[in-house]
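Engineer: the amino acid sequence is not available; the structure is as follows:
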């Protein structure tokens, strides 16, 4: 039987430390929705999503009430639309984004991911259509998220696409500037994108995935922070051990919810994503965990080392708790979505360059970062190129979700509220990389990609 | 992990000690055919803390409705009352 102190520890995690399951994401294959007519394809997309995900939200809420485990988001990921729409005969893919948005609204989910293309080695005609349709699609829909995979360790970096995405991100910001460029918060570019990621904006269902699958993203920065408060002054071995134990417990909650959701929805359980995901709520911050290690302000020297250790210990604890771990599985460091990160950015303690260094040792990359609206598209491409190189060389996922806010400069901020939070505009190195970006072509895959 | 046995649930009551807590909770459970298997209470950090393990097999209500009733009773008595499937605690604390 479970001891009283264990029961109370669990209750405290939920009541005081903001433990929750961040998302139940249902992956739905749209492979069978392709037709030679865009209207018919849209109809099939809408019908299939609504049929498969009909009970997703209700089931999530039932599980949440029965276990008293908050489940924050119920979401859907689909097959990359550049594959589904390839034979539809149209070049304007906003119709498919609208179909996804309608389906998301009917199902009651708060995001749907998969307005995506995988172009690490080159464009198909359909990839090109999709990418050119991104700015308009994100401006006219509410819940659609878009992602583009630009690089892999196996294939190298598609620098033509890196160049194009700088321009596409600027255009997306421009079309949604009346809403603090929110389109850019729904657009992410990747190196080594995982095909089973449950987190937005990067969720899509990869071509190797099953017909329908349940992937779950956990959370729990507050639990880790509280656990570390009990070992202040102890050596780092004790810190690692403490994080592992807390991560184990958090992950078991995710595993339990995933198994229940999978059984009730009649869809196989895919993976648990071990990422620690912050929110702008006080007590739910990754930055504050790093500060608990003994760093005065997140971004100060020692931050990268602390983050590396945190990330590794979370994985070690988490893999013991679940047999199927996947997705991104690493600490997220989004600036706008993390109360401690926002404060560090306001104080000037964290810079774009330090964030880049931190992405070498954690999962996601430069995430939810607002920069001046007059940043040239080629500079945004340069930021992307550097991040893609980190991912490619280090055999890991990296990403960029950046917001060049039109009409705003350093000292201003963007405000979204809710989970997306707010972000002070950060300064960008003014040196031009236009000649580098305009070369185009491909960065060859690194030597260690040849493992056969 | 195997599919969960969801007949056993844990009720926790936390808050200011007052007369009749166990009586009120037990009455609610008896009225709905819920069997109490174990009960402990302590004063922890000045707070009254009661933990009950209950068997829901014969319950006339499902756990969601019972949760609502408990929450309402908790609000009335100024206490935090919750019921959760025991499998949650087993998952977190047992390998």
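Structural biologist: Looks like it arrived, so ask away. None of these values were measured; they are calculated from a predicted model.

Engineer: residues from chain B in reach of chain A?
Structural biologist: B:1, B:3-4, B:6, B:10, B:12, B:14, B:38, B:40, B:42, B:44, B:49, B:51, B:53, B:63-64, B:67, B:80, B:82-94 (Cβ under 8 Å from any Cβ of the partner chain). No exception for glycine: its C-beta is placed from N, CA and C like everyone else's.

Engineer: what about those residues, which are in strands?
Structural biologist: B:10, B:12, B:14, B:38, B:40, B:42, B:44, B:49, B:51, B:53, B:80, B:82-85 (DSSP state E).

Engineer: okay, how far is it across stretch A:167-184, tip to tip?
Structural biologist: Terminal residues of stretch A:167-184 are spaced 12 Å apart (Cα to Cα, to the nearest Å).

Engineer: center of chain B - which residue?
Structural biologist: residue B:11 (1.5 Å; Cα atoms, centre = their mean).

Engineer: residue contacts, that one?
Structural biologist: Under the criterion of Cβ atoms under 8 Å, 6 or more residues apart in numbering or on different chains, the neighbours of residue B:11 are B:25, B:50, B:51, B:52, B:53, B:54, B:70, B:81, B:82, B:83.

Engineer: returning to that earlier point: and the buried ones among the residues of chain B next to chain A, selectable in ChimeraX?
Structural biologist: Command for ChimeraX, covering only those of the residues of chain B next to chain A found buried under the criterion 16 or more other Cβ atoms under 10 Å in any protein chain shown:
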select /B:4,10,12,14,49,51,53,63,67,80,82,83,84,85,86,87,88,89,90,91,92,93
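
Engineer: and the nearest residue to residue A:257 once chain neighbours are set aside, what is it in contact with?
Structural biologist: Spatial nearest neighbour of residue A:257, excluding adjacent residues (Cβ to Cβ, 6 or more residues apart in numbering or on different chains): residue A:21 at 5.0 Å. Contacts here follow Cβ under 8 Å, 6+ apart; on that basis residue A:21 touches A:69, A:70, A:71, A:72, A:216, A:217, A:218, A:219, A:253, A:254, A:257.

Engineer: and residue A:21, bridged to which residues?
Structural biologist: Applying DSSP bridges to residue A:21 yields these beta-bridge partners: residue A:71, residue A:218.

Engineer: quick one, which of the contacts of residue A:21 are buried?
Structural biologist: Counted by 16+ other Cβ under 10 Å, the contacts of residue A:21 give A:69, A:71, A:72, A:216, A:217, A:218, A:219, A:253, A:254, A:257 as buried.

Engineer: columns distance to residue A:280 and pLDDT on top of those, output as a markdown table?
Structural biologist: Output for the buried ones among the contacts of residue A:21, formatted as a markdown table (distance: Cβ to Cβ, whole Å; pLDDT from 0 to 100):
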| residue | distance to residue A:280 | pLDDT |
| --- | --- | --- |
| A:69 | 21 | 95 |
| A:71 | 19 | 95 |
| A:72 | 13 | 93 |
| A:216 | 22 | 96 |
| A:217 | 17 | 94 |
| A:218 | 18 | 90 |
| A:219 | 13 | 86 |
| A:253 | 22 | 94 |
| A:254 | 21 | 94 |
| A:257 | 23 | 95 |
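
Engineer: would TSV of these with distance to residue A:413 be doable?
Structural biologist: Output for the buried ones among the contacts of residue A:21, formatted as TSV (distance: Cβ to Cβ, whole Å):
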residue	distance to residue A:413
A:69	33
A:71	30
A:72	24
A:216	32
A:217	27
A:218	29
A:219	25
A:253	34
A:254	33
A:257	35
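
Engineer: closest to residue A:407 out of these?
Structural biologist: residue A:72 (32.2 Å; Cβ to Cβ).

Engineer: ok, longest helix in chain B?
Structural biologist: helix B:63-77 (DSSP state H).

Engineer: what helices or strands is it leaning on?
Structural biologist: helix A:56-67, strand B:8-15, helix B:21-31, strand B:79-85 (3 or more Cβ pairs under 8 Å, 6 or more residues apart in numbering or on different chains; DSSP states H and E).

Engineer: reformat the ones you listed as CSV; add mean pLDDT and distance to residue A:413.
Structural biologist: Output for those, formatted as CSV (pLDDT from 0 to 100; distance: least, Cβ to Cβ, whole Å):
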stretch, mean pLDDT, distance to residue A:413
helix A:56-67, 96, 32
strand B:8-15, 94, 39
helix B:21-31, 95, 48
strand B:79-85, 94, 37
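
Engineer: show residues contacting stretch B:85-95.
Structural biologist: A:2-3, A:6-7, A:10, A:66-69, A:249, A:252-253, A:255-256, B:1, B:4-6, B:8-10, B:53, B:63.
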